[in-house]
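K.L.:
Kindly return the folded structure for what I paste below:
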Amino acid sequence: MNGSPSDDLFRRLEKLEREGRRWKAGALGLAALLAAAVLVGATDNPQEATLKKLTIVNSSGDSVVVLGSDGHGKAIMTFRDPEGKLFMELGTQLGPHLWMQGADGQSSVQVGVWRWEEADKEVPSLRFADTKGEERVKLGYDLDFKAGLEICCKAGRIVSLSGD
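P.N.:
Numbers count the residues shown, from 1 in each chain. I've put the predicted structure just below:
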């Protein structure tokens, strides 16, 4: 040994103090970094987020659900298959509606409360379209709120039952 046991103890104590200061500085730096991250991401209500559009993607990165607004500023939520083909829409443009399309790209079901601006009325209806996209069955009300059922035959003839 080159020195007394007290000198050795003193050197070891100094080394421990230096390491303690480094750990303390590192911990303070980390705390400052975390505080900055919290402040940057903080809002008045941390359980609330404001977004223009939310897109959910599958494991391949394909957009499968989009929540946002349409070109008219109305709320809309769309669902797509992995190839990008639209198969369901929940929207509000002409009134609240749900639209579902079959795999053929034409057959569909629509249910909604459609808004007729010129008549200042909202009219609920349920509609079914065939594989050519042509509406074949309509169940709902007319603008005078008379219940009706229309069945459109392949020849274009309409069989109608009305609440009159």
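K.L.:
where in this structure is pLDDT low?
P.N.:
Applying pLDDT under 70 to the chain picks out residues 1-3, 25-46, 49, 154-156, 163-164.
K.L.:
any idea how far residue 99 is from the residue nearest to the spatial centre of it?
P.N.:
In the chain, the centroid-proximal residue (CA atoms, centre = their mean) is residue 67; its distance is 3.3 Å. In this view, residue 67 and residue 99 are 16 Å apart by CB to CB, to the nearest Å. Any C-beta I mention is one placed from the backbone N, CA and C, and that applies to glycine too.
K.L.:
Repeat that for residue 69.
P.N.:
Taking CB to CB, one finds residue 69 at 17 Å from residue 99.
K.L.:
The two - which one has more neighbours?
P.N.:
The residue with more neighbours, out of residue 69 and residue 99, is residue 99; 18 against 14, by other CB atoms under 10 Å.
K.L.:
Residue 66 sits in which helix or strand?
P.N.:
Using DSSP states H and E, the element containing residue 66 is strand 63-69.
K.L.:
Next, the angle strand 63-69 makes with the helix or strand just after that strand.
P.N.:
Per DSSP H and E, the first helix or strand lying C-terminal to strand 63-69 is strand 75-80. Orientation check (axes from the mean of the first three to the mean of the last three CA atoms, to 10 degrees): strand 75-80 against strand 63-69 gives 170 degrees.
K.L.:
Okay, strands next: where are they in the protein?
P.N.:
Counting by DSSP state E, one finds strands in the chain at the ranges 54-57, 63-69, 75-80, 86-91, 97-101, 108-116, 121-129, 135-141, 147-152, 158-162.
K.L.:
Distance of residue 63 relative to residue 79?
P.N.:
10 Å.
K.L.:
what does the domain assignment say about the chain?
P.N.:
Split into domains by automatic domain parsing, the chain comes to 1-46, 54-162.
K.L.:
tell me the most buried of those domains?
P.N.:
domain 54-162 (a mean of 13; mean count of other CB atoms under 10 Å).
K.L.:
any idea how far that domain is from the chain center?
P.N.:
18 Å (CA atoms, centre = their mean, to the nearest Å).
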